[in-house]
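Visitor: give me coordinates for this.
(one chain, ligands or ions: 2)
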Amino acid sequence: MAVFTEVSRDEAAALMQRLGLGQLVAMAGCAGGIENTNYFVSTLRDGTRHEWVLTLFERLTHAQLPFYLYLMQHLAAKGIPVPDPQADGDGAILHTVRGKPAAVVNRLRGASVLDPGPQHCAQVGAMLARMHLAARDYPRQQPNLRGLAWWNETVPVVLPYLQPEQAELLRDELAYQNALAGTDAYRRLPAGPVHADLFRDNVMFEDGRLSGVFDFYFAGCDTWLFDLGVALNDWCIDLASGHDDPERVAALLQAYESVRPLQADETALLPALRRAAALRFWISRLWDWYLPRQASVLKPHDPTHFERVLRARRQEVAA
Ligand SMILES: Nc1ncnc2c1ncn2[C@@H]1O[C@H](COP(=O)(O)OP(=O)(O)O)[C@@H](O)[C@H]1O
Ligand SMILES: N[C@@H](CCOP(=O)(O)O)C(=O)O
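Guide: Ligands and ions are numbered 1, 2, ... in the order given. Purely as a prediction, here's the structure:
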């Protein structure tokens with residue numbers, strides 16, 4: 001149950017009133033999630049029922065949150081189906097509940113599809129390209145906080161827990177990615193605000209149509225190709241082996257390119273950036289697994305999954 005901080009009905013009702021969202025009629029803790037406290041909240045306004053999500057941020061601070069919340073607001077204003085943070089009378093979208101930073105967003109309709117087919121992947125590809133283009137003029141800057149600098153900091157911390165063969169793989173891939181980042185071809189890659197965590201469980205579908213994208217709390221400025229690599233590595237692989245499903249890969253890529261065609265440099269570097277994306281999640285899962293933080297990550301994800309995904313990506317490059 002992802003309620004780390006209890007919020008009373010009266011507290012939630014007062015916040016909803018303050019944001020002009022109407023009278024609270026129902027409220028329930030949200031069972032999913034591993035990082036934040038989430039409540040589904042229903043209100044009545046002008047005789048119509050509205051559905052919201054109240055999030056209390058357990059890890060991110062007041063200082064870190066504006067980049068994510070204003071990015072969501074920016075994308076929502078451009079018609080991308082993302083949660084839109086609700087403002088109070090002063091226009092503030094970052095609130096405080098029980099001393100924690102908090103936000104209220106519209107509840108997206110639909111449900112995640114955890115066993116996607118090519119049609120789902122195509123919609124994800126097209127939406128990802130639309131998001132990249134829509135965020136081009138987003139004025140705030142924040143690096144991907146789970147990018148190369150963090151990998152270099154974190155790899156020495158997790159290495160002591162690994163078998164020699166795993167440690168060798170991790171060191172070798174990190175060296176490859178450090179070298180790649182120093183190349184002109186890499187520096188020329190188009191970049192901007194990216195979601196950076198576009199996994200199956202962060203997208204909603206309703207009646208087979210993509211109805212929403214959420215969980216922007218790993219977003220940051222990075223290459224668009226890295227974001228594409230993250231999505232391909234989750235949506236288009238066989239989860240048991242880590243290997244690509246060529247039909248789903250083709251569907252996602254073609255749909256992405258129907259909105260934003262890749263440049264020649266990007267096509268050439270896609271395999272390398274898919275390796276980067278696999279490395280990023282292998283490192284974060286190792287870190288969560290061996291060095292769990294208090295009050296977060298109740299059930300850490302299996303790191304060996306991304307070790308397999310990385311090995312599969314490296315084999316494909318070598319083939
Ligand atoms: N805006 C939203 N609309 C609908 N459901 C949401 C929304 N935000 C979160 N959820 C639901 O809450 C669950 C947990 O949210 P998530 O952002 O993954 O939490 P955490 O950051 O704690 O992992 C999601 O799996 C989803 O079912
Ligand atoms: N997608 C990541 C975990 C990110 O956590 P989230 O619950 O906030 O999406 C992974 O699978 O390792």
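
Visitor: which residue ranges of this structure form helices?
Guide: 9-18, 65-77, 118-134, 148-158, 164-181, 184-187, 224-235, 246-259, 264-290, 303-318 (DSSP state H).

Visitor: quick one: the second one to helix 118-134, angle?
Guide: Following axes from the mean of the first three to the mean of the last three Cα atoms, to 10 degrees, one obtains 110 degrees for the angle between helix 65-77 and helix 118-134.

Visitor: how about helix 65-77, does it get close to ligand 1?
Guide: No. Using Cβ under 6 Å from any ligand atom, helix 65-77 stays clear of ligand 1, coming no nearer than 9.3 Å. All C-beta spots, glycine's among them, are computed from the backbone N, C-alpha and C.

Visitor: could you report the pLDDT at the closest residue in space to Arg280 that isn't next to it in sequence?
Guide: The shortest distance from Arg280 to any non-neighbouring residue, by Cβ to Cβ, 6 or more residues apart in numbering, is to Arg146 (5.8 Å). What the model reports as pLDDT for Arg146 is 97.

Visitor: picking up where we left off before, what's the closest of the helices of the chain to ligand 2?
Guide: Among the helices of the chain, the nearest to ligand 2 by Cβ to the nearest ligand atom is helix 264-290 (4.7 Å).

Visitor: on contacts alone, who are the packing partners of that closest one?
Guide: helix 148-158, helix 164-181, helix 184-187, helix 224-235, helix 303-318 (3 or more Cβ pairs under 8 Å, 6 or more residues apart in numbering; DSSP states H and E).

Visitor: spell out which parts of the stretch 51-200 of the chain neighbour ligand 2.
Guide: Contact residues, the stretch 51-200 of the chain versus ligand 2 (Cβ under 6 Å from any ligand atom): Asp197, Phe199.

Visitor: which residues touch stretch 205-215?
Guide: Stretch 205-215 is contacted by residues 80-83, 108-113, 119-120, 123-124, 127, 131, 195, 197-198, 202-204 when judged by Cβ atoms under 8 Å, 6 or more residues apart in numbering.

Visitor: circling back: now do the phi/psi pair for the residue nearest to Arg280.
Guide: In terms of degrees, to the nearest 10, the main-chain angles of Arg146 are phi -110, psi 40.

Visitor: residue contacts, it?
Guide: For Arg146, counting by Cβ under 8 Å, 6+ apart, the contacting residues are Ala196, Phe218, Gly220, Arg280, Ser284.

Visitor: now Leu21
Guide: By Cβ under 8 Å, 6+ apart, the neighbours of Leu21 are Thr43, Arg45, His50, Trp52, Gln86, Val104.

Visitor: got the CA coordinates for stretch 307-319 in PDB?
Guide: Coordinates of the C-alpha atoms in stretch 307-319 are reproduced here as PDB (Å, rounded to 0.1, in the frame of the first residue of the first chain):
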ATOM      1  CA  GLU A 307      21.700  -7.200 -16.700                       C
ATOM      2  CA  ARG A 308      20.000  -9.500 -19.200                       C
ATOM      3  CA  VAL A 309      18.700  -6.600 -21.200                       C
ATOM      4  CA  LEU A 310      22.100  -5.000 -21.400                       C
ATOM      5  CA  ARG A 311      23.700  -8.300 -22.400                       C
ATOM      6  CA  ALA A 312      21.100  -8.700 -25.200                       C
ATOM      7  CA  ARG A 313      21.700  -5.200 -26.500                       C
ATOM      8  CA  ARG A 314      25.500  -5.800 -26.500                       C
ATOM      9  CA  GLN A 315      25.000  -9.100 -28.400                       C
ATOM     10  CA  GLU A 316      22.800  -7.300 -31.000                       C
ATOM     11  CA  VAL A 317      25.500  -4.700 -31.500                       C
ATOM     12  CA  ALA A 318      28.200  -7.400 -32.000                       C
ATOM     13  CA  ALA A 319      26.000  -9.600 -34.300                       C
END
